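Participant: Fold the following and give me the result.
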Amino acid sequence: MNPFITRAMTTRAELRASLDTILAAAEGEQRSNLTEAEESEYRRLLDEIGVLDARIAELQEAEAREARAAAHAAGVNPATGGAVVRREPLTYERTNRRSSYFRDLGLAHVGGDGEARERLQRHRAEMDVEMPRREARLDAEFRAGMASLSEGERRAAFERRDISRTDGAGGEFVPPLWILDEFAELARAGRPFVNRVRRIPLPGGTDSISIPRITTGTQTQPQTADNAAVQETDMVTTSVTCPVRTVAGQQDVALQLLEQSPIMFDEVVFTDLTADYNARLDVQALNGSGSSGQIQGILGLSGTNAITYTDASPTVPELFPKGADALSQVATNRLRPADHWVMHPRRWYWMTAALDANSRPLVVPVANGPYMAQGIAQGVESEGPVGIWHGLPVILDPNHPVTLGAGTEDRIIGSKMSDHILFEGQLRTRALPEVLSGTLTVRLQVYAYVAWTAGRFPAATSIIAGTGLIAPTF
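Facilitator: Reported below is the predicted structural model:
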């Protein structure tokens, strides 16, 4: 057996023994309930066992895959010892140019195409086998993500309401695995801000997520004398609630295009809708209003550190101290350092255009090395990591709004990104033939459920604003 599995199972057995000890103590004292301390320890042990179970299952599955792969490579069926049947390709794979998922989805519902319906049913049967494996992996990721939270955050973290709102209800189809994998790939582009925060898979059947936070902590003080009173300050707690929102898009497609197009229309529709989904989610996390179905963006969040840069003729040297102030306020109020800057590309390239009195750039290319430099440019990009300012990575995000304040202002965000959490569900697809059946048109939809919060530690974010950040001139 894999030594990692053995070690994990040994640890699990030790945790289980500790659980039994707690229960035995209560039973020995003929108590029907656990004490508060015992209850806390019991829950902590259960959480650790749950994380270990997910890890053990993941390791066992990996070990089984390795065994099957070795047996298949040798041409032997590991179960029977006889000849092995090699893997049959799935109905919809990226390398299969004969079958198109979206085309079949439309033709089966609108054109009554029997072969398309048969392929979709075969695909559904395949997904009945493949999706549990995928869900197990996502569940392991979810447990690992929850394990990164503190015990207080894990306890009662999910407030469940409206249980009929379940991912997958409504007759939609699960897209092919390669489309789901592409969704994961594309999610790493076009959304620079949310890709830097902590990401946890969104569990099904969840309409609202509440994360506890401590607003007033306990205190300790020197004891004034032997037998004197010990300092006691009650903890005050509240919670941050993240409503689950739906991000969706659709495309109306002529039936003739589905039937006659020589291209794989899956890639055209899905890639375009996914690209917009990524950008829209990023925009919402930055500047969503928190109402009318939007998530609460970080720029409008209450409690962040506000730094004002007012200047009718802004310059990079005058902006520089504002950056130091932003980092100072995060370190002072959050008691942890910020780790990233997020800004619009126009702001960064305005900074790289600035020259000192000797016509030398204030933000220098990394190859030239710093000489009293205010920043370092590590490349030319339209989004993502691009350089260093005040010692922290600069992330360019073209989704950053540029119409704030006086009408042409942008913002500079300095933040500890791991303090923010994005819960994100799987992307789903639907084909709706009845809506536009009178014109031989099919409506294709994609949607996903998301929940977001930057409000666990508002003081972890500083926002530089003001007339000094109006549209730059070069």
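
Participant: From now on I want contacts and neighbour counts done on CA atoms only, so please keep to that.
Facilitator: Noted.

Participant: Pass me the low-pLDDT residue ranges in the stretch 101-250 of the chain, would you?
Facilitator: 106, 109-111, 134-175, 178-189 (pLDDT under 70).

Participant: Against which helices or strands is the helix or strand harbouring T271 packed?
Facilitator: Per DSSP states H and E, T271 falls inside helix 265-287. Secondary-structure packing of helix 265-287 (3 or more CA pairs under 8 Å, 6 or more residues apart in numbering; DSSP states H and E): helix 101-106, helix 177-186, strand 245-254.

Participant: how about 7 Å then?
Facilitator: Packing partners of helix 265-287 (3 or more CA pairs under 7 Å, 6 or more residues apart in numbering; DSSP states H and E): helix 101-106.

Participant: Quick check: buried residues in the helix it packs on?
Facilitator: 101-106 (16 or more other CA atoms under 10 Å).

Participant: Stretch 339-356 now?
Facilitator: 339-352, 354-355.

Participant: Run the chain-centre distance for that stretch.
Facilitator: Per CA atoms, centre = their mean, to the nearest Å, the displacement of stretch 339-356 from the mean C-alpha position of its chain is 26 Å.

Participant: any idea of the mean pLDDT for it?
Facilitator: Averaging pLDDT along stretch 339-356 yields 94.

Participant: what do you get for stretch 9-18?
Facilitator: For stretch 9-18, mean pLDDT is 85.

Participant: Report the backbone C-alpha coordinates of that stretch in PDB.
Facilitator: Taking Å, rounded to 0.1, in the frame of the first residue of the first chain, the C-alpha atoms of stretch 9-18 are listed here in PDB:
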ATOM      1  CA  MET A   9      -5.100   5.900   7.800                       C
ATOM      2  CA  THR A  10      -2.900   5.700  10.900                       C
ATOM      3  CA  THR A  11      -3.600   9.300  11.700                       C
ATOM      4  CA  ARG A  12      -7.300   8.800  11.000                       C
ATOM      5  CA  ALA A  13      -7.300   5.900  13.500                       C
ATOM      6  CA  GLU A  14      -5.700   8.100  16.100                       C
ATOM      7  CA  LEU A  15      -8.300  10.800  15.600                       C
ATOM      8  CA  ARG A  16     -11.100   8.200  15.800                       C
ATOM      9  CA  ALA A  17      -9.700   6.900  19.100                       C
ATOM     10  CA  SER A  18      -9.700  10.500  20.400                       C
END
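
Participant: Mind telling me what element G50 is part of?
Facilitator: Applying DSSP H and E, one finds G50 within helix 36-73.

Participant: Correct me if wrong, but Q121 is in a helix.
Facilitator: Yes - assignment of Q121 by DSSP: H, G, I helix; E, B strand; the rest coil places it within a helix.

Participant: separation between it and E93?
Facilitator: Here the criterion is CA to CA, to the nearest Å. By it, Q121 lies 15 Å from E93.

Participant: same thing with G414?
Facilitator: According to CA to CA, G414 stands 42 Å off from E93.

Participant: And for R119?
Facilitator: According to CA to CA, R119 and E93 sit 12 Å apart.

Participant: So for the two, which residue has more residues nearby?
Facilitator: Between R119 and E93, counted using other CA atoms under 10 Å, the more crowded position is R119 (19 against 16).

Participant: avg pLDDT for stretch 300-317?
Facilitator: Here the average pLDDT along stretch 300-317 is 95.

Participant: wait, stretch 389-409
Facilitator: On average, stretch 389-409 scores 93.

Participant: follow-up on the earlier one: turn the buried residues of helix 101-106 into JSON lines, columns for distance to T441.
Facilitator: Below are these laid out as JSON lines (distance: CA to CA, whole Å):
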{"residue": "Y101", "distance to T441": "17"}
{"residue": "F102", "distance to T441": "13"}
{"residue": "R103", "distance to T441": "12"}
{"residue": "D104", "distance to T441": "14"}
{"residue": "L105", "distance to T441": "13"}
{"residue": "G106", "distance to T441": "9"}
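
Participant: what residue is smack in the middle of the chain?
Facilitator: Nearest to the mean C-alpha position of the chain, by CA atoms, centre = their mean, lies R199 at 3.0 Å.

Participant: mind exporting stretch 375-389 as PDB, just the C-alpha atoms?
Facilitator: Extracted C-alpha coordinates of stretch 375-389, given in PDB (Å, rounded to 0.1, in the frame of the first residue of the first chain):
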ATOM      1  CA  GLY A 375       9.100  50.600  -9.900                       C
ATOM      2  CA  ILE A 376      10.300  47.700 -12.100                       C
ATOM      3  CA  ALA A 377       8.600  46.700 -15.300                       C
ATOM      4  CA  GLN A 378       8.900  43.000 -15.900                       C
ATOM      5  CA  GLY A 379       7.200  42.800 -19.300                       C
ATOM      6  CA  VAL A 380       4.600  44.300 -21.600                       C
ATOM      7  CA  GLU A 381       1.200  42.800 -20.900                       C
ATOM      8  CA  SER A 382      -2.500  43.800 -21.300                       C
ATOM      9  CA  GLU A 383      -3.500  41.900 -18.100                       C
ATOM     10  CA  GLY A 384      -2.000  39.800 -15.300                       C
ATOM     11  CA  PRO A 385       1.400  40.300 -13.600                       C
ATOM     12  CA  VAL A 386       3.500  43.000 -15.200                       C
ATOM     13  CA  GLY A 387       5.900  44.500 -12.700                       C
ATOM     14  CA  ILE A 388       6.700  45.600  -9.200                       C
ATOM     15  CA  TRP A 389       5.600  48.800  -7.300                       C
END
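
Participant: All good on my end, thank you.
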